[in-house]
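In: with the sequence up front, the predicted model follows.
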Amino acid sequence: MSGAGADERLQRATYTDLARAVLTREYLVFVRYPANAVGGIVVALFFFGLIFYGGEMVAGQALTDSIEGIVVGYFLWTLAVGAYASTANGIQSEVQWGTLERHFLTPFGFGPVALAKGVATLVRTFLTSTLILVVMLVATGTSLQIPVLTVVVVATLAVTSVLGLGFAAGGVAVLYKRIGSWLNLLQFGLVLLVSAPAFDLPGLQFLPLALGSAMLQRAMVNGTRLWEFAPLELVILVCVAGGYLALGYAVFTVTTRRARRLGVLGDY
């Protein structure tokens, strides 16, 4: 009788329940380990301080004239690193902790659970990166135009492509276990994508982050609204976000299935 009741409860579980559980978990981890949460924000601000104050001493007025673009680019970079690192490193941590196999026993499967965790991470990263942005604006005395709808839509689509990279890296981590050095290296590669001149060189628009970064610069520096962008730019932004997410999720699915076939899913 109790077994039938448990089966019935499992059948009633929905993706809404999954999203609620994952968001609650993300919140609890954030508030119950405040030292780690605050430490991440402090480290991000420390590196920005090195860039700003160090660059000001070297470049002087040249840096001051471009500070708005630097602030916007750093804001997007913190978003991208948060989404990528939390997804890839989170999956690798599950491998190290020996809890990976439990996700395959859920009624949803590991893939949807990992995707829900990625979305929850994106929400949390938006909050922390917004706080970092406010501190950067105060510290530099810079003012930006922040059309909320445009910033949220463009930044979310830009970071979604990086979320796909995180899934691909996480899938490789499931198969090959210790790839932490490569994961860290790819984080710095995101700097090149954020600073890529997507509007100047053909082909760069189809790289992760590149077009989204250029559009976010226009929105926050020049005040361009979402409906003022060229329709083709918006279409490319959506396709790049969806394409890289789908590709990354496909790599994640293939690598985790191969790990199961090889019998190394729970090995470390």
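Out: Great, that's in hand.

In: quick one: contacts of stretch 109-124?
Out: 15, 18-19, 22-23, 25-27, 30, 82-83, 86-87, 90-91, 100, 103-104, 106, 156, 159-160, 163, 166-167, 170, 249, 252-253, 256 (Cβ atoms under 8 Å, 6 or more residues apart in numbering). Bear in mind the C-beta positions are built from the backbone N, C-alpha and C, glycine included.

In: that stretch: which residues count as buried?
Out: For stretch 109-124, burial by neighbour count (16 or more other Cβ atoms under 10 Å) applies to 110-122, 124.

In: wait, residue 76 sits on residue 216?
Out: Yes - counting by Cβ atoms under 8 Å, residue 76 touches residue 216, with 5.7 Å between them.

In: identify the contacts common to the two.
Out: 155, 158.

In: what is the mean pLDDT for stretch 133-147?
Out: Averaging pLDDT along stretch 133-147 gives 85.

In: hmm, I typed the wrong one, I wanted stretch 207-218.
Out: Stretch 207-218 comes out at a mean pLDDT of 89.

In: where does the stretch 1-150 of the chain have low pLDDT?
Out: Residues of the stretch 1-150 of the chain meeting the criterion pLDDT under 70: 1-13, 54-65, 95-101, 103-105.

In: what ranges does it have for its helices?
Out: Taking DSSP state H, counting those that start in this stretch as the criterion, the stretch 1-150 of the chain carries its helices at 2-12, 15-32, 34-49, 55-59, 61-65, 67-97, 100-104, 110-140, 148-176.

In: give me the helices and strands touching the second one, please.
Out: Yep, that's helix 15-32 we're talking about. Other helices and strands packing on helix 15-32, by 3 or more Cβ pairs under 8 Å, 6 or more residues apart in numbering; DSSP states H and E, are helix 110-140.

In: residue 76 and residue 216: who's more crowded?
Out: Ranked by neighbour count (other Cβ atoms under 10 Å), residue 76 and residue 216 place residue 76 first, with 27 against 24.

In: okay, which residue is most central for the protein?
Out: residue 83 (1.8 Å; Cα atoms, centre = their mean).

In: hmm, residue 165 and it touching each other?
Out: No - look at residue 83 against residue 165 with Cβ under 8 Å: they stay out of range, at 9.1 Å.

In: could you report the distance from the residue nearest to the centre of the chain to residue 245?
Out: 11 Å (Cβ to Cβ, to the nearest Å).

In: residue 171 now?
Out: On the measure of Cβ to Cβ, residue 171 and residue 245 end up 13 Å apart.

In: can you pull the contacts of residue 45?
Out: By Cβ under 8 Å, 6+ apart, the neighbours of residue 45 are 132, 135, 136.

In: repeat that with 10 Å
Out: Residue 45 is in contact with 74, 78, 131, 132, 135, 136, 139, counting by Cβ atoms under 10 Å, 6 or more residues apart in numbering.

In: now name the helix or strand holding residue 256.
Out: If you go by DSSP states H and E, residue 256 is part of helix 231-262.

In: by how many degrees do that helix and helix 67-97 diverge?
Out: Angle, helix 231-262 to helix 67-97, by axes from the mean of the first three to the mean of the last three Cα atoms, to 10 degrees: 20 degrees.

In: report the distance from helix 231-262 to the chain centre.
Out: Using Cα atoms, centre = their mean, to the nearest Å, the mean C-alpha position of helix 231-262 is found 14 Å from that of the whole chain.

In: now do the buried residues in that helix.
Out: 233-234, 236-237, 240-241, 243-245, 248-249, 251-253, 255-256, 259.

In: just stretch 203-212 next, same as before
Out: Buried residues in stretch 203-212 (16+ other Cβ under 10 Å): 205, 207, 208, 209, 210, 211, 212.
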